[in-house]
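# can't give you the sequence, but here's the structure:
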Ligand SMILES: Nc1ncnc2c1ncn2[C@@H]1O[C@H](COP(=O)(O)OP(=O)(O)OP(=O)(O)O)[C@@H](O)[C@H]1O
Ligand SMILES: [Mg+2]
């Protein structure tokens, strides 16, 4: 009850009726490339900037976003409860742990993707746009019904791609399916600069020579992401870390600020290289 | 170190391999996605060849195949007749052939001639070219 009140205060205090928020779907085609992680971190960073953000978990049946945000114990109602009018939006919105600006609308765990009514989903996203500056939709993997439902209410798309052949191919397909309406922008996730340097991983340029999408930013393959996910605290809460800062830079770019796309820095010298340098000329 | 050895043995880096595979796989994906493009290519190809020989438009097969380092276009175009009379006034009354592939103005004439030739080839079946049409 108290939570509901907070939501309403939020909404009424600062949502001008004339300006709709942006509904952005985060999608990739391929599974496991980092859609949920990016949604949680981008949402956290946008909220940190003062925007009102709602994260919608559209991965019905495989709910994840609540875990990444550390909100799993607070979810009482979910997306389908709202769509099927068993709960009001205010009852279902879960306030974030670390920000009063951030809310989660969880997915149903024990339901199927085909149980979502696309028209109702669209209507729900529209009403969320009236109440929030950003509606970030965490899309399920695949290009079937779940994808179509997640995309239904969105008006922009961020595609997540890892520097792998299969991921790039799937993003290419998804971008084709999205068409021009969504003006998809690209986040490259899990880049390992040392592997790129050694010619063992596709570079940002390699990937985008093919996809040719506006690049929002690049996130490193970051062991800390696993640690922070374990704790349910998105890395974007730690702006002092390189990857945390990268999410904030991406958020700034999403908000239209003219800052450079974040790019993971060249790695520290590896042990092997250090050993190698003992035998050869030491590099500066 | 391993990189150095690999370079020594002339092995290309795995990212180069990835890039190349990606280029090819997307080329095929994109072709799969646009059958209209394949139709248009087929049409243009046949139009060019038809200027020199008569071909059996109905039996043409155009395929794209992945070969180890490239994408190949494989066309099987049965030739009906190699001697294509030029400016031979046709005596056959003009028949309207529904042509879903090419709304070309020159299309009906070409098709008409081809039909006649096809009948001839089928009847005589002497020319080696006609065998390809069967
Ligand atoms: N930049 C990164 N560095 C290291 N690990 C990462 C990174 N991004 C994501 N991961 C890890 O990869 C796994 C998959 O990430 P995530 O769940 O965000 O992907 P997804 O695209 O949402 O997957 P699904 O398609 O199953 O919904 C998780 O274990 C996550 O912690
Ligand atoms: Mg996910």
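Received the coordinates, thanks. Here the structure is a predicted model, which is why all the values come from computation and not from measurement. Ligands and ions are numbered 1, 2, ... in the order given.
# C-alpha from now on. contacts and neighbour counts both.
Will do.
# starting at the chain centroid, how far to stretch A:205-225?
Using C-alpha atoms, centre = their mean, to the nearest Å, the distance from the centre of stretch A:205-225 to the centre of the chain it belongs to is 14 Å.
# likewise stretch A:153-173?
12 Å.
# same question, stretch A:84-96
With C-alpha atoms, centre = their mean, you get 21 Å for stretch A:84-96.
# so what does the longest helix that chain B contains touch, helix or strand wise?
In terms of residue count, the longest helix belonging to chain B (DSSP state H) is helix B:14-33. For helix B:14-33, the elements it packs on are helix A:165-178, strand B:61-67, strand B:70-76, judged by 3 or more C-alpha pairs under 8 Å, 6 or more residues apart in numbering or on different chains; DSSP states H and E.
# Remind me what the following helix or strand past the last one packs against, helices and strands.
In the C-terminal direction, the helix or strand that comes right after strand B:70-76 (DSSP states H and E) is strand B:79-81. Taking 3+ C-alpha pairs under 8 Å, 6+ apart as the contact definition, the neighbouring helices and strands of strand B:79-81 are strand B:54-55, helix B:107-124, helix B:128-133.
# who's in contact with the residue in chain B that ligand 1 sits nearest to?
Using C-alpha to the nearest ligand atom, the single residue of chain B nearest to ligand 1 is residue B:15, 19.4 Å away. Applying C-alpha atoms under 8 Å, 6 or more residues apart in numbering or on different chains to residue B:15 gives the contacts A:196, A:199-202.
# one more time with 7 Å, if that's ok
A:199-202 (C-alpha atoms under 7 Å, 6 or more residues apart in numbering or on different chains).
# Filter the residues you listed down to the ones in strands?
With DSSP state E as the criterion, strands contain none of the contacts of residue B:15.
# Buried ones among those?
A:199-202 (16 or more other C-alpha atoms under 10 Å in any protein chain shown).
# on that earlier part again, of the helices and strands packed on helix B:14-33, give the one that comes closest to residue B:25.
Smallest distance to residue B:25 across those (C-alpha to C-alpha): 7.7 Å, for helix A:165-178.
# Give me the buried stretch members for the closest one, please.
For helix A:165-178, a neighbour-count test (16+ other C-alpha under 10 Å) marks A:165-175, A:178 as buried.
# of all these, which comes closest to ligand 1?
residue A:167 (10.4 Å).
# The closest one contacts residue A:27, doesn't it?
No. Counting by C-alpha atoms under 7 Å, residue A:167 does not reach residue A:27; the two are 11.4 Å apart.
# which residues does residue A:33 contact?
A:160-162.
# need the residues of chain B near chain A, please.
For chain B, the residues in contact with chain A (C-alpha under 7 Å from any C-alpha of the partner chain) are B:13-15, B:18-19, B:22, B:26.
# Count the residues that sit near the nearest residue to residue A:75 once chain neighbours are set aside.
Nearest residue to residue A:75, sequence neighbours excluded (C-alpha to C-alpha, 6 or more residues apart in numbering or on different chains): residue A:94, at 6.4 Å. Residue A:94 has 26 neighbouring residues, counting by other C-alpha atoms under 10 Å in any protein chain shown.
# Tell me who's in contact with residue A:94.
Residue A:94 neighbours (C-alpha under 7 Å, 6+ apart): A:74-75, A:103-105.
# In terms of pLDDT, where does it sit?
At residue A:94, the model reports a pLDDT of 98.
# ok, now how distant is it from ligand 1?
Per C-alpha to the nearest ligand atom, to the nearest Å, residue A:94 is found 19 Å from ligand 1.
# What's the local residue count around residue A:219?
23.
# same deal with residue B:51?
12.
# Likewise for the one 4 residues further on?
The criterion is other C-alpha under 10 Å. On that basis, residue B:55 has 28 neighbouring residues.
# how much space between residue A:144 and residue A:187?
Residue A:144 sits at a distance of 22 Å from residue A:187 (criterion: C-alpha to C-alpha, to the nearest Å).
# The residue nearest the centre of chain A sits in which helix or strand?
By C-alpha atoms, centre = their mean, chain A has its centre lying nearest to residue A:39, at 1.9 Å. Residue A:39 belongs to helix A:35-48 when assigned by DSSP H and E.
# and that helix, does that touch ligand 1?
Yes. Applying C-alpha under 6 Å from any ligand atom, one finds helix A:35-48 touching ligand 1 at A:35-37.
# buried stuff in stretch A:137-148?
For stretch A:137-148, the neighbour count (16+ other C-alpha under 10 Å) marks A:137-143, A:146-148 as buried.
# Just the closest of those to residue A:251, please.
Of those, the one sitting nearest to residue A:251 (C-alpha to C-alpha) turns out to be residue A:137, at 15.0 Å.
# hang on, that closest one in a strand?
Yes. Counting by DSSP: H, G, I helix; E, B strand; the rest coil, residue A:137 falls inside a strand.
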